[in-house]
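**Q** need coordinates for the below:
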Amino acid sequence: MVHRHLPKLSDGEFRYLQQMMVEVSGIHMADSKRMLVAGRLMSRLRELDQGDFYEYVNFLRQPANQSERRLVIDLLTTNETYFFREPKHFDFLGEWVASQRGPIHLWSAASSSGEEAYSMAMTLAEHARTPHWSIFASDLSLRVLERARQAIYPLEQSAQFPAGWLQRHCLRGVGDHEGSFRIGQALRHRVAFAELNLMRDLPPEVGPFNVIFLRNVLIYFSNPDKRAIVERLVGRLRPGGLLFIGHAESLHGFPLPLRNVRPSVFERV
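**A** Residues are numbered from 1 along each chain as shown. Sure thing, here's the model as predicted:
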């Protein structure tokens, strides 16, 4: 058996990819990510029949290859997520929506492949006292948004579901889809997915919202960019609405109209 060695990603080539990520997405890739970057891009070298990263980076530099640069952003964007991640957030969301009487509009602002948005949808379906609710879910990556719209997941991803929710809100796969499940149509119709770059000005039609989830994404940005993103999103949050961030994240030092109501949960005042 012949083993192909991973081509070397030189300092200059890696710097180009780092700069491209910052310019397009605002995400700062640490130097420690070099091996991860090389591994994730190997499929493109094989697909394009290119022998090394020198050749591939030269290909990316050509103005005509905008779509390939877009694909690199997709491949390098971290999309680790799972259903009901940080479950206390969903417990609190359920309590909060049960106390609301008017329409409720929610935003999953870094939705990845849809697990967070559909966890929100199930929570609303179980606890909301109003039938008037909707979820807007956005991400930078077209690849994961397509997976989110399909709403098909391996059955093992339902392990964190509250008892009975899989049966009530999902369809179990049969035949070719054995071992998977799909979010039911009633919930899929409540969630609208769209491509959105949080580093850019938000389209005027986005919002306002009663709840925004911005979890486990701020850690990838510099402090000035982090502040700008949060200010942008808080501007689309209704007074009395909730902003959820990741437990490993902080808004300390940012002058924002927010008060802390639970660990990593803030209310717009």
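**Q** and stretch 246-255, end to end?
**A** 19 Å (CA to CA, to the nearest Å).
**Q** for it, buried residues please.
**A** When burial is assessed from 16 or more other CB atoms under 10 Å, stretch 246-255 yields the following buried residues: 246, 249, 251. Every C-beta, even on glycine, is put in place using the N, C-alpha and C of the backbone.
**Q** ok, stretch 80-90 next?
**A** Those buried within stretch 80-90 under the rule 16+ other CB under 10 Å are 81, 83, 84, 85, 86, 89, 90.
**Q** got the contact list for the second one?
**A** Spelled out, that is residue 83. 115, 118, 119, 153, 157, 158, 160, 161 (CB atoms under 8 Å, 6 or more residues apart in numbering).
**Q** just the buried members of these?
**A** For these, buried by 16+ other CB under 10 Å: 115, 118, 119, 153, 158, 161.
**Q** mind checking which of these land in strands?
**A** residue 153 (DSSP state E).
**Q** which one of the buried ones among the contacts of residue 83 sits closest to residue 75?
**A** Here the nearest of the buried ones among the contacts of residue 83 to residue 75, counting by CB to CB, is residue 115; it sits at 19.4 Å.
**Q** that closest one against residue 81, yeah?
**A** Yes: counting by CB atoms under 8 Å, residue 115 does reach residue 81; the two are 4.8 Å apart.
**Q** show me where this structure has strands.
**A** 104-108, 133-139, 152-154, 170-172, 180-183, 191-195, 209-214, 237-245, 258-262, 265-268.
**Q** in TSV: the ones you listed, plus mean pLDDT and distance to residue 76.
**A** Output for the strands of the chain, formatted as TSV (pLDDT from 0 to 100; distance: least, CB to CB, whole Å):
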stretch	mean pLDDT	distance to residue 76
strand 104-108	98	21
strand 133-139	97	14
strand 152-154	97	23
strand 170-172	96	31
strand 180-183	98	27
strand 191-195	97	16
strand 209-214	98	20
strand 237-245	98	23
strand 258-262	96	31
strand 265-268	98	30
